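Peer 1: Build the 3D model from these lines:
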Amino acid sequence: MLTWMLVFVPAAIAVELLAAEQHLLVFLAAALAIVPLAGWLGRATEQLAERSGEGVGGLLNATFGNATELIIALSAMRAGLHDVVKASLVGSIVGNILLVLGAAMLAGGLRHQEQQYNASAARSQATLLTLATIALILPAAYSAVVASRAPDGLQALSLYISLLLLLVYGLFLVYSLVTHKNLFAGDPNAPHTPHATPLWSKAKALLVLGTATVMIAWISEILVGAIEPSAHQLGLSNLFVGVFIVAILGNAAEHSSAISAAMKNRMDLSLAIAIGSSVQVALFVAPVLVLASYFVGGVPMDLAFSGGLVLSVLLAVLITGQVAGDGRSDWLKGVQLLAVYLILGLAYFFTPDVLPS
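Peer 2: So this is what the prediction gives:
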């Protein structure tokens, strides 16, 4: 399916060049083009993961999968769409732990009655997400209570929190890859579904990885330019487009890889991709965007997300910690996560663009 969908890549470029005023058509073509590119990016990182274990493989998949999210966010930031950037960040965090993990647990549970994974590793990542939620709550509270009396304090607070989050993420990499890597390595004796196709060479995987990343950057520029007029034409709020549509497109690589891993009974890898991607967005991508905003887009971005966005992250983190903390998964847990995601989607769908950026 990913192969034939690549036809949308030249189609999106052609529509942008020949009919740029047809914003909805441009948006749809670019959105469809990003899906197969992100899928190929995810497939290449999964191939590299085969040679490096579940922990490193999950990190590779999350990192290059989030490259889509980072590229789209940088494009939106250059266009001055800070509200879309913040919404897409929250959408990525929430989407990974509710939609991606939920779909993976559902798909894996339909094929395997019950699946096991390392509960300690899952709980450590869930704790990091709680830390990230605290880092979002405090700037929002500061913005609501203190910012009017100290307008420069919010930007300074966001900057220092971003630097601290980057430090914590770096220490987490040391924890997961060096000092406690056994927690994230998966069970070597666990039964896995064998691969239907042979592994790629490392050169082929790296070539596909690089090509997909470059093309995603190009298509993302086209997509971002059509977001606002398309949302207006469809009667959707920028908030809904950012939290759900842009975030789902940015998470396409994680979707395919996490579900594929779960169906092969590799739940350690599936959780490393899904929860690990959210951790990386919260502790790495968001702080990097705050720092990059000083050099891109003119106006620095802060971490004062709207109350609705912060509440969405808090609720998603709470249920994910409960669902993923016992080291076992089944299809019903997947349904529960997906139900929360759909409930949030309905709430955002009926929310107009009245929230502060």
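Peer 1: all contacts plus neighbour counts: C-alpha atoms, from now on.
Peer 2: Noted.
Peer 1: Show me what whichever strand or helix holds residue 223 is in contact with.
Peer 2: Assigning secondary structure by DSSP states H and E places residue 223 in helix 202-225. Residues from elsewhere that reach helix 202-225 (C-alpha atoms under 8 Å, 6 or more residues apart in numbering): 9, 12-13, 16, 26-27, 30-31, 33-34, 37-38, 40-41, 44-45, 47-48, 67-68, 71-72, 75-76, 79.
Peer 1: Could you identify the helix or strand that succeeds it?
Peer 2: helix 227-234.
Peer 1: Where does the prediction get shaky in the chain?
Peer 2: 1-2, 49, 51-55, 65, 68, 151, 186-197, 250-254, 297, 353-357 (pLDDT under 70).
Peer 1: Find the centremost residue of it, please.
Peer 2: Computing the C-alpha centroid of the chain and ranking residues by C-alpha atoms, centre = their mean puts residue 92 first, at 3.6 Å.
Peer 1: right, and that one touches residue 242 too?
Peer 2: No - counting by C-alpha atoms under 8 Å, residue 92 stays clear of residue 242, with 9.3 Å between them.
Peer 1: so how far is residue 73 from the spatially closest residue to the residue nearest to the centre of the chain that is not a sequence neighbour?
Peer 2: Sequence neighbours aside, residue 247 is the residue nearest to residue 92 in space, at 5.0 Å (criterion: C-alpha to C-alpha, 6 or more residues apart in numbering). Here residue 247 is placed at a distance of 10 Å from residue 73 (C-alpha to C-alpha, to the nearest Å).
Peer 1: just to revisit the earlier point, the residue nearest to residue 92 contacts residue 69, correct?
Peer 2: Yes - between residue 247 and residue 69 there is a contact at 7.3 Å, judged by C-alpha under 8 Å.
Peer 1: overlap in contacts of these two?
Peer 2: Both residue 247 and residue 69 are in contact with 88-89, 92, where contact means C-alpha under 8 Å, 6+ apart.
Peer 1: Among these, name the ones in helices.
Peer 2: Counting by DSSP state H, those place 88-89, 92 in helices.
Peer 1: Which member of those is positioned nearest residue 63?
Peer 2: Nearest to residue 63 out of these is residue 92 (C-alpha to C-alpha; 13.0 Å).
Peer 1: what would the shared contacts of residue 247 and residue 69 look like in JSON lines with distance to residue 22?
Peer 2: Listed next are the shared contacts of residue 247 and residue 69 as JSON lines, based on distance: C-alpha to C-alpha, whole Å:
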{"residue": "88", "distance to residue 22": "23"}
{"residue": "89", "distance to residue 22": "27"}
{"residue": "92", "distance to residue 22": "27"}
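Peer 1: out of these, who's nearest residue 165?
Peer 2: Proximity of those to residue 165 was ranked by C-alpha to C-alpha; the top entry is residue 89 with 14.9 Å.
Peer 1: Could I get the contacting residues of the closest one?
Peer 2: 69, 243, 247, 281-282, 286.
Peer 1: ok, now which ones touch the nearest residue to residue 233 once chain neighbours are set aside?
Peer 2: Using C-alpha to C-alpha, 6+ apart and skipping residues adjacent in sequence, the residue nearest residue 233 is residue 24, 7.3 Å away. By C-alpha under 8 Å, 6+ apart, the contact set of residue 24 is 226, 229-230, 233.
Peer 1: Please tell me how far residue 24 sits from residue 14.
Peer 2: Relative to residue 14, and taking C-alpha to C-alpha, residue 24 is found at 14 Å.
Peer 1: what's the answer for residue 320, then?
Peer 2: Counting by C-alpha to C-alpha, the gap from residue 320 to residue 14 is 42 Å.
Peer 1: show me where the protein has strands.
Peer 2: For the chain, the strands defined by DSSP state E occupy 115-116, 328-329.
Peer 1: out of the ones you listed, nearest to residue 125?
Peer 2: Short answer: strand 328-329, nearest of these by C-alpha to C-alpha, at 15.6 Å.
Peer 1: tell me what that closest one is packed against?
Peer 2: Under the contact definition 3 or more C-alpha pairs under 8 Å, 6 or more residues apart in numbering; DSSP states H and E, strand 328-329 sits against strand 115-116.
Peer 1: OK, contacts around residue 116?
Peer 2: So residue 116 contacts 267-268, 327-329 (C-alpha under 8 Å, 6+ apart).
Peer 1: repeat that with 6 Å
Peer 2: 327-328 (C-alpha atoms under 6 Å, 6 or more residues apart in numbering).
Peer 1: quick revisit: which residues touch the residue nearest to residue 92?
Peer 2: Here residue 247 is in contact with 88, 91-92 (C-alpha under 6 Å, 6+ apart).
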